[in-house]
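J.: when you get a sec, could you give me coordinates for this:
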Amino acid sequence: MHRLVLCVWLAATTALTSAAFAFDNGQYDHVPPDIRAWFKSVIAPNGVPCCDISDGHRTEYDVRGGAYWVPIDGQWMEVPARAIIRDRGNPVGQAVVWYVHHRGAIIISCFVPADAV
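T.: I've put the predicted structure just below:
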């Protein structure tokens, strides 16, 4: 229940700041149940849920100076250490980043590298 409340709060906050939010309008119907369940179960190290499949973006990434970097909206951004998830596995085989646009800034909330175990 707590996870649902946080997702609803995050969605409401994002909507109020006029940011576009991803929605599942049937485009994820082909996703196997185990992958869908994984997206719903991913939680950041600080305990905040990453939300859902429609919120996660498969991405390429780079490692620079020991830090992960991902491209978002055409610019490379450093992934904050608080967002890196290494202990949930990664059944999709690609890195996944969850982020929101908030007051003109991009906030990365979660990141799972392609080789997470």
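J.: number of nearby residues for the closest residue to Arg64 other than its chain neighbours?
T.: Distances taken as C-beta to C-beta, 6 or more residues apart in numbering place Glu78 nearest to Arg64, at 7.8 Å, with adjacent residues excluded. For the C-beta atoms, the positions are set from N, CA and C on the backbone; glycine is no exception. Using other C-beta atoms under 10 Å, the number of residues around Glu78 comes to 13.
J.: 437 is where my numbering starts, stick with that
T.: Sure thing, new numbering starts at 437, so read that last one as Glu514.
J.: in this structure Glu514 contacts Ile508, no?
T.: No. With contact defined as C-beta atoms under 8 Å, Glu514 does not reach Ile508; the gap is 10.8 Å.
J.: what strand or helix carries the residue nearest the centre of the chain?
T.: Geometric centre of the chain, nearest residue: Trp534, 1.8 Å, by C-alpha atoms, centre = their mean. Assigning secondary structure by DSSP states H and E places Trp534 in strand 531-538.
J.: who is the residue nearest to Arg500 paired with across the strands?
T.: Note on Glu514: beta-bridge partners Trp505, judged by DSSP bridges.
J.: contacts only, for it.
T.: Arg500, Ala503, Tyr504, Trp505 (C-beta atoms under 8 Å, 6 or more residues apart in numbering).
J.: ok, how many other residues are close to the closest residue to the third one other than its chain neighbours?
T.: For Tyr504, the nearest residue in space outside its immediate sequence neighbours is Val515; the separation is 4.1 Å by C-beta to C-beta, 6+ apart. The criterion is other C-beta under 10 Å. On that basis, Val515 has 22 neighbouring residues.
J.: all helices of this protein, in order?
T.: Along the chain, counting by DSSP state H, helices occupy 438-452, 469-477.
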